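Asker: What shape does this take:
(one chain, ligands or ions: 2)
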Amino acid sequence: MVTDTHDPGDERGRTDESHWWRNAVVYQIYPRSYADTNGDGVGDLPGITAHLDHLEWLGVDAIWCSPVSVSPNADWGYDVADYCDVDPALGTLADLDAFVAAAATRGIRVLLDLVPNHTSIQHPWFVESRASRESAKRDWYVWADPAADGGPPNNWVSTFLGPGWELDAATGQYFLHSFLPEQPDLNWWNEEVCAEFDRILRFWFDRGVAGFRIDVAHMVVKDALLRDNPSATERDHWMEQLRGQVQEFNSCRPEVHDVYRRWRAIANTYDPPRLLLGETHVFDVDALASFYGHDDELGLAFNFMFMHDEFALDRLRATVAETEAALVADAWPVWTMSNHDISRFPTRWCNGDDARARCALVLLLTLRGTPVLYYGDELGLPDTVVPDALLRDPVTIAYRGMIDRDAARTPMPWTAAPGGGFTDPGVDPWLPFGDLATHNVADQRADPGSTLHLVRALLALRRSTPDLRAGAYADLSADLSAEADAWGDAWGFRRGDHVQVVLNVGTEAVTVPVAIGDGVVIAIASDRVGEGDTVGDSVEVEGGRAVVLVAGVGPAH
Ligand code: GLC
Ligand code: CA
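Answerer: Ligands and ions are numbered 1, 2, ... in the order given. Sure thing, here's the model as predicted:
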């Protein structure tokens, strides 16, 4: 066992129960794709509950479920028609309570997905709002008169491209939709909307929900004057260039921070405090840092710079360094490589190369910060090619070849048998299976050398090694001293005083210095070779391999 009892969290922010998420490993589930218990081909809440043994065995601390609220599914749950009930396709409120309770008995917390930027066009609030200009809920949404030429009120475009405004012919005004036209934006300048969401937060917190992942957290508040966005230039991020504009007036508005201060105050009245984990899709670390406030806004803010990097060490090292510099004592990084909106990392980063995928997992699970795994990451699961006729995501269908979200949303492969352990044999799942034979839970669980066992071992090492959870990050390969040459295509960093990680994504072996003192062993190797071996002043790491070295490990463990 590791003998270090010093809590390194003291140096860079609190890691006690008031900030429990800083010690946690989070696992994202896309509920429609986890496990189907009633043979309709759609994953459901009882299916998640039935697989808690997998998550407990793996060692995750919290689950984030993509939306389970009532939805007409124009955007698969991200168009909400009732914030305080469960979609019938996924189960009932009682199923949700049972899931939260069953997870709690295993020490696992449950985060739900909250979508405050917009509702479904079918939400009763919007139905009432669009009924007339005099409607009591008219101001709950962003309505505006046409421009002088009858066109949209300003130049804002949808995040999914195309105009951000839709004309309501009956009342002669446009409503704003930052995403699909079926997702009208709420007006966060309206105090009744704010009060309603306070109530929604409490509704779920009172039921034992441990927090929320907040959908498009950066965009919730819009410029009150609805000013035009400036055009993008070639200096701007490629996504802004694609949109043709910089989202100056419909994203990252100063007033959005008031919303999160208000919510954090509510979250902090609970024991333990509830977590606010933001989908902060911003393009620089200072904007990211702003969402933490002074530890009085979001508890964690997703880092899309990291996820959108190439799997090139220089890029990732730079992003980690910038993030480390920007997120000081009040803030805590969160790292993720995959989610339901982007190609899975074993495909996007690793081109299906298993050894590289294992290196990436070692990286994710050893950086300073909270890691978020996406279901299937623990298997090194690649994308599934979904034939055009079987696509379900409207955004994928509209932007074929440019955006592919369905490839990362296919059912969890539990076994290689017909139905994949996901649904009954013979039932068509809502999205097709990938290759069940190459990646499935049952086979990997039976194989101690599998990616699944590697991930489990990394989570166990985090638990038993304070430096791995909270020790300061120091890049060992960044300095330009004489030793730097030795690093080649390898990246090495120290975590606290007792842990060193070396990732070699090149093809040549490297021999690099060990910077954590004596009694150092290979605690985990991505290929599981040489674990337990003692190393001296230097360590050799072959290409396509990563090792986690730990000092001060006793002889028997
Ligand atoms: C977020 C979600 C995405 C959804 C969009 C609109 O980006 O992750 O799936 O389409 O918001 O709600
Ligand atoms: Ca089902």
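Asker: Which single residue in the stretch 101-250 of the chain comes nearest to ligand 1?
Answerer: As assessed by C-beta to the nearest ligand atom, ligand 1 sits closest to F179 within the stretch 101-250 of the chain, at 4.3 Å. From N, CA and C alone the C-beta is placed, and that goes for glycine too.
Asker: I figured that residue hits F160, correct?
Answerer: Yes - between F179 and F160 there is a contact at 5.7 Å, judged by C-beta atoms under 8 Å.
Asker: Those two: which is more packed in?
Answerer: Neighbour count, other C-beta atoms under 10 Å: between F179 and F160, F179 has more, with 23 against 19.
Asker: what's the model's confidence in stretch 311-329, averaged?
Answerer: Averaging pLDDT along stretch 311-329 yields 92.
Asker: Now tell me what touches that stretch from outside.
Answerer: The contact list for stretch 311-329, computed with C-beta atoms under 8 Å, 6 or more residues apart in numbering, reads 12-13, 285-286, 288-289, 292, 303, 305-306, 309, 333, 345, 348-350, 356, 360, 363, 367-368, 473, 475, 477-478, 489-491, 503, 505.
Asker: same thing with stretch 334-354?
Answerer: Residues from elsewhere that reach stretch 334-354, judged by C-beta under 8 Å, 6+ apart: 26, 28, 30, 66, 277, 300-303, 306-307, 310-311, 356-357, 360, 364, 367, 369-374, 376-377, 380-383, 404-405, 407-409, 451, 544.
Asker: Take those and keep only those in strands.
Answerer: V26, Q28, L277, L300, A301, T370, P371, V372, L373, Y374 (DSSP state E).
Asker: List just the nearest of those to R456.
Answerer: Set against R456, the nearest of the ones in strands among the contacts of stretch 334-354 by C-beta to C-beta is L373 (11.3 Å).
Asker: That closest one bridge partners, please.
Answerer: Beta-bridge pairing of L373 under DSSP bridges involves Y27.
Asker: how about the helices in the stretch 101-250 of the chain?
Answerer: Listed in chain order, the helices of the stretch 101-250 of the chain (DSSP state H, counting those that start in this stretch) span 124-131, 191-206, 238-243.
Asker: again with the stretch 301-450 of the chain
Answerer: 304-308, 313-326, 345-348, 354-364, 394-398, 441-445.
Asker: how far away is D467 from N303?
Answerer: Distance, D467 to N303, using C-beta to C-beta, to the nearest Å: 22 Å.
Asker: hmm, which helix or strand of this structure has the shakiest average pLDDT?
Answerer: When each helix and strand of the chain is scored by mean pLDDT, DSSP states H and E, helix 238-243 comes last, with a mean of 90.
Asker: Does that one reach ligand 1?
Answerer: No - Helix 238-243 does not reach ligand 1 (C-beta under 6 Å from any ligand atom); its nearest approach is 12.2 Å.
Asker: Check what contacts the helix or strand following that helix and list those residues.
Answerer: Of the helices and strands lying after helix 238-243 in sequence (DSSP states H and E), the nearest is helix 256-267. Residues outside helix 256-267 that contact it (C-beta under 8 Å, 6+ apart): 116, 188, 194, 197-198, 201-202, 205, 211, 217-221, 273-276, 278, 290-291, 293, 296-299.
Asker: For ChimeraX, write the select line for the buried members of the residues you listed.
Answerer: Remark: buried members of the contacts of helix 256-267, expressed as a ChimeraX selection using 16 or more other C-beta atoms under 10 Å:
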select :116,188,194,197,201,205,211,217,218,219,220,221,273,274,275,276,278,290,291,297,298,299
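Asker: I figured F283 was touching M305, is that so?
Answerer: Yes - the pair F283 and M305 qualifies as a contact (C-beta under 8 Å) at a distance of 6.9 Å.
Asker: who's more crowded, the two?
Answerer: Remark: of F283 and M305, M305 carries more neighbours, 22 against 17, as counted by other C-beta under 10 Å.
Asker: Skipping its backbone neighbours, what lies nearest that one in space?
Answerer: Taking C-beta to C-beta, 6 or more residues apart in numbering, and ignoring the residues beside it in sequence, M305 has T319 as its nearest neighbour in space, at 5.1 Å.
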